[in-house]
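# Task: produce atomic coordinates for the following.
(one chain, ligands or ions: 4)
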Amino acid sequence: MGRWNNIRMRCAFRYLFCALLMILTFVTIQLAVLSEKRNGIGKNLFFNFDNKAVTEGTSSPGKVLAAVVGASVQQYKASGKLKQLPVAITWSEYRANPQLLCGNPLIDTYGTNDPSKMGENGSGIILVGSEKEKATMLISEYNVNVYASDRIPLNRMVPDARFPGCNVVPYPKDLPSTSIIIPFYDEWPSILLRTIYSIVNRTPRQLLQEIILVDDGSKMPQLKDDLDKYVDTHFPKGLVKIIRVPERRGLIQARLMGFENSTGDVIIFFDSHMEVNIDWLQPLLAEIKHDRKTVAMGTLDYIQLDSMEYKYYHDYMTRYGFDWRLVFFETFFRNDQIGSTPEATRVGTVMVGAAYAIDRNFFKEMGTYDNGMKVWGGENLEMAWRIWLCGGRLVHAPCSHIGHVARSQPYDFPGGRQAVEQYNYKRAIEVWMEPEHKELVYNYFPGMRTLDAGDLSERMRLKEKLQCKPFSWFINHVWPELFVLQQNVTAWGSARNLHTNRCLDNHQYLFQAAEPLYAETCHYQLATQGFSLTKDKLLRTSLQCVVIKSMTAGARPKLEDCIIGPRDTWTHRQGSQIVHEATGLCLDLDNEGPIMMICDDQAITQMWQFNTYVV
Ligand SMILES: *[C@@H]1O[C@H](CO)[C@@H](O)[C@H](O)[C@H]1NC(C)=O
Ligand SMILES: CC(=O)N[C@H]1CO[C@H](CO)[C@@H](O)[C@@H]1O
Ligand SMILES: CC(=O)N[C@H]1CO[C@H](CO)[C@@H](O)[C@@H]1O
Ligand SMILES: [Mn+2]
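Numbers count the residues shown, from 1 in each chain. Ligands and ions are numbered 1, 2, ... in the order given. Modelled structure (predicted):
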């Protein structure tokens, strides 16, 4: 007994000591980081000065070397003065003659990068020891490894992420000019600048009209005068423009302001944390040149937020979808959507907010954005529905790759993200959806039914003017994967087990591969507990069908994609068994969840009741 107490006592002291030590260490690191930040931030765009890779050759504007302008790249490199040239030419001069140097060594020497440098060619950074600790703390503050970003070259190359066939696709010579609009709010400077460098370095210069940065009321001081100065002295005159929104108006408004100040034939909206891949622009422009009512999307690659590694998949392309909660998710293309070659254009469903190209006049004709929406959220769904329903189309150009840092947006939401999202969703669904679709959305967000979403009359007039199709056309033709739970059914709602208060549940599963079917306490929210028995005898949710993989008693039923997956059929009478037709087994329920069993008329665990039966 005494020995036991003694050990406990010793442990307690040890823990106390350890805890103290940890607190001390934490405070010390915190102080060190803070003081370092104070020294760095505000003085310059770059937090981390010990890295030459970032700033090398960028700090010597002032001496006008006019004589060198107009020299060929080879002559100039041979002269050895690469690092002394200020930006001395205008963007139109630069554009007119691809041989001209712009005066920025980062741009002019692009392609001769040393692939062994940290972060080059899209490689990631692995930090250890104190650097790792520093970076971890910064990641929790900025949602991205700003420390790593500051250590890798601004003009780094990225690996060619395209399908091999993309190399030889011929693009028309006379493609439209393009304005790239990049709203930013407190974006980390080196991440923002790398976005710009990647565009300048990897976009054919005759196609690039301008890059418009829209500062949506950033608070970071180095994004003000320092950024102006940097842009002035490092890019050909007139290429990169900065618009300042006096106070924050949100991503949607910032994009619109950029659009109003743009002059290119085509506009592309970007996030402020991206790196374009090789020849990323031509495939998008070729789609629009072919059909001006096309909205063209590139393939988003992934820049890891912790290491800044540029990652991509060689033989996988992402398609996007949404469910009745309006959750946006990544999914696969159906076989019938993949062309005869991997490089062939694929039809899209909905769009990501960043990195799509649209003809500027078409964007205007289509009513740009709903500028009654706040901050961001839902505007990408609204725009995709509108484009499809009002005469446009949405495509994926497989050969256009664009890296995107998958971080949470450096945007905050006045009044909370959920409130803003629901406000925007309500505006979108009230304009575009039919009553049975709205019902499914409102079932999941009951508070939205009575939410005041402002004046919609202008958007309704737009819909009228453009003679847009009804939403069911979109569901039937563009996104047939999403099932309208009350349509063509004999029973629907939640399926409750009569033995317990448990209902069939999809655990919010969105994807195509097989997933267990679950049962949970009934809450009757259709987005997770919405099940239908269709007239063609499918037992299904909004995105999946219930199927069984093993045809014997004891099998656990699964949820799987209804279009590309198997289509098991089921029979059911109100308040009675749900019978799998092919095997004659009944859907039963045990402690672990739904299970297939030999039918037994006496087993109450085999009795199910849907909310609604349709005669
Ligand atoms: C860049 O990386 C890719 C693989 O990710 C490799 O195939 C390519 O050769 C590298 N390029 C250079 C210049 O090192
Ligand atoms: C810098 C700039 O040109 N800003 C203009 C952008 O567009 C708005 C609205 O059209 C104008 O008010 C700004 O002056
Ligand atoms: C196969 C089938 O019955 N389809 C019908 C589903 O419901 C819509 C609208 O309620 C009908 O137009 C279809 O004919
Ligand atoms: Mn983003």
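# My reading is that A491 is in a helix; is that accurate?
No: counting by DSSP: H, G, I helix; E, B strand; the rest coil, A491 is located in no helix; its state is strand.
# Next up, the contacts around it.
With contact set as C-beta atoms under 8 Å, 6 or more residues apart in numbering, A491 has these partners: S532, L533, H572, Q574, F610, T612, Y613, V614. To be clear about C-beta, it is placed using only N, CA and C from the backbone, and glycine gets the same treatment.
# Looks like the last one contacts Q487 (just checking).
Pointing back at V614 there. No: distance between V614 and Q487: 9.9 Å, which falls outside the contact criterion (C-beta atoms under 8 Å).
# does stretch 608-615 come close to ligand 3?
No: for a cut-off given as C-beta under 6 Å from any ligand atom, stretch 608-615 has no contacts with ligand 3; the smallest distance is 11.0 Å.
# Alpha carbons of that stretch, in PDB - could you do that?
Taking C-alpha atoms only, stretch 608-615 is exported to PDB below (Å, rounded to 0.1, in the frame of the first residue of the first chain):
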ATOM      1  CA  TRP A 608     -39.900  -1.200 -41.900                       C
ATOM      2  CA  GLN A 609     -42.000   1.900 -42.300                       C
ATOM      3  CA  PHE A 610     -41.400   4.800 -44.700                       C
ATOM      4  CA  ASN A 611     -42.700   8.300 -43.900                       C
ATOM      5  CA  THR A 612     -44.800   8.500 -47.000                       C
ATOM      6  CA  TYR A 613     -46.400   5.900 -49.300                       C
ATOM      7  CA  VAL A 614     -47.500   6.900 -52.800                       C
ATOM      8  CA  VAL A 615     -50.300   5.000 -54.400                       C
END
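# burial of N476, as a residue count?
As a burial measure, the neighbour count of N476 was computed by other C-beta atoms under 10 Å and equals 11.
# no no, A148
The number of residues near A148, taken as other C-beta under 10 Å, comes to 26.
# From M297, how far out is the nearest residue to N371 once chain neighbours are set aside?
Among residues not flanking N371 along the chain, L256 sits closest, at 6.0 Å (C-beta to C-beta, 6 or more residues apart in numbering). For L256, the distance to M297 equals 20 Å [C-beta to C-beta, to the nearest Å].
# who's more crowded, the two?
Summary of the neighbour comparison: L256 and M297, criterion other C-beta under 10 Å, with M297 having more neighbours (25 against 18).
# Any idea what the more buried one is bridged to?
Y356, H396 (DSSP bridges).
# I'd guessed it sits against P398; true?
No: with contacts defined as C-beta under 8 Å, M297 does not count as touching P398, sitting 10.2 Å away.
# List of residues touching stretch 242-261?
Here stretch 242-261 has contacts from 179, 181-183, 185, 212-217, 227-228, 231, 241, 267, 269, 353, 360, 363, 368-371, 373-376, 379, 409, 411, using C-beta under 8 Å, 6+ apart.
# For E287, which non-adjacent residue is closest in space?
Setting aside the residues directly before and after it, E287 is nearest to A296 in space (C-beta to C-beta, 6+ apart), at 4.0 Å.
# That neighbour: neighbour count?
A296 has 28 nearby residues by other C-beta under 10 Å.
# Surely it and Y356 touch.
Yes: in this structure, A296 is within contact of Y356 by C-beta under 8 Å, at 6.6 Å.
# most centrally placed residue in this structure?
Here the mean C-alpha position of the chain is nearest to the C-alpha of V352 (C-alpha atoms, centre = their mean), at a distance of 5.4 Å.
# you'd agree it is in a strand?
No: assessed with three-state DSSP, V352 is coil; it does not lie in a strand.
# Below-threshold pLDDT in this protein: ranges please.
Flagging of the chain using pLDDT under 70 yields the residue ranges 1-86, 88, 409-412.
# let's see 50
For the chain, residues meeting the criterion pLDDT under 50 lie at 1-14, 16-18, 27-43, 48-71.
# For it, list the residues in contact with ligand 3, please.
So the chain meets ligand 3 at Q487, N488, K535 (C-beta under 6 Å from any ligand atom).
# From those residues, list the ones also adjacent to ligand 1.
Applying C-beta under 6 Å from any ligand atom to these, none is adjacent to ligand 1.
# before we move on, back to that, measure the residue nearest to E287 to ligand 1 for me?
In this structure, A296 and ligand 1 are separated by 26 Å, where distance is defined by C-beta to the nearest ligand atom, to the nearest Å.
# can you check G554 too?
Here the criterion is C-beta to the nearest ligand atom. By it, G554 lies 47 Å from ligand 1.
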